[in-house]
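*Asks:* what's the 3D shape of this:
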Amino acid sequence: MDARFQYVKMDKSEDLEEFSQKKLDKLEDKYDFIISAEVHFKKHEVEDPKGYICNINISMPGPKIFAESNETSFEAAVVESIKDIDRQLQKRKAKMSTH
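*Replies:* Sure, this is the predicted structure:
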């Protein structure tokens, strides 16, 4: 899957990209109609223990799918966003198969 990673006010992380790419590849294996993904990472500057934010935009036929999560680490945020995307893709696939 073609995935683009963007970092907002933080340094690029190869490990984080590799972790995210593996998760996205699993989604692509499950849903072959996915075209590409855009992943944004940003650290929220608050005293909150959470504050590691991951946004994922999935391009596919029809409307795009979006998920955002705010967790205690970027890895946890990626996992949560992927879960949200997976739920949305299941619904979309069910609609596509009924037509």
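
*Asks:* since we're on residue 73, how many residues are nearby?
*Replies:* If you count neighbours by other Cβ atoms under 10 Å, residue 73 ends up with 13. (C-beta placed from N, C-alpha, C; glycine too.)

*Asks:* For it, which residues are in contact?
*Replies:* Neighbour list for residue 73: residue 52 [criterion: Cβ atoms under 8 Å, 6 or more residues apart in numbering].

*Asks:* Over to it: give its phi and psi.
*Replies:* Main-chain dihedrals, residue 73, degrees, to the nearest 10: phi -150, psi 160.

*Asks:* Next one, pLDDT for it please.
*Replies:* Listed pLDDT for residue 73 reads 94.

*Asks:* now swap in residue 95 and tell me
*Replies:* Predicted confidence (pLDDT) for residue 95: 84.

*Asks:* centre of the chain versus the helix or strand that contains it, how much separation?
*Replies:* If you go by DSSP states H and E, residue 95 is part of helix 74-98. With Cα atoms, centre = their mean, to the nearest Å as the basis, helix 74-98 stands 9 Å off its chain's centre.

*Asks:* And it, what's buried?
*Replies:* With burial defined by 16 or more other Cβ atoms under 10 Å, the residues of helix 74-98 counted as buried are 74-75, 77-82, 84-86, 89, 92.
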